[in-house]
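**Q** build me a structure from this.
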Amino acid sequence: MFDRDQAARIAPAEDGCVRIQVNCRDGADPSSFWLAGKKLHVLRVLERAAEAGQRRFRVKVADGREVVLLQDVASGEWALAGVAPRSA
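**A** Sure thing, here's the model as predicted:
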């Protein structure tokens, strides 16, 4: 289960998401993002979805966690919407 509380403790926004800077491969899938001063590399995209003006990516990062990244299509702004615990 994704831990919205953990994400909100970093830098909460009104919608409960954390605003982040994301680097993308050729403007499409996220390849890395910055969180709390650390660059996290995306190992693979596990799921993609587009809905209601947003693009959503569930990704696995190098430290073993899965995170949900959202992009507002109109503004291009990215947010961290959820974090799952590290997998064994």
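**Q** if I look at the spatially most central residue of the chain, how far off is Arg19?
**A** In the chain, the centroid-proximal residue (Cα atoms, centre = their mean) is Leu69; its distance is 2.5 Å. Distance of Leu69 to Arg19, computed by Cβ to Cβ, to the nearest Å: 11 Å. Where C-beta positions appear, they are placed from N, C-alpha and C, glycine not excepted.
**Q** need the overlap of contacts for those two.
**A** Common neighbours of Leu69 and Arg19 (criterion: Cβ atoms under 8 Å, 6 or more residues apart in numbering): Trp78, Ala79, Leu80.
**Q** am I right that the second one is in contact with Val67?
**A** No: under the criterion of Cβ atoms under 8 Å, Ala79 lies out of contact with Val67, with a separation of 10.8 Å.
**Q** looking at the two, which is more packed in?
**A** More crowded of Ala79 and Val67, by other Cβ atoms under 10 Å: Val67, with 24 against 19.
**Q** which residues sit in contact with the more buried one?
**A** By Cβ under 8 Å, 6+ apart, Val67 lies in contact with Phe2, Leu40, Arg58, Val59, Val61, Leu80, Gly82, Val83, Ala84.
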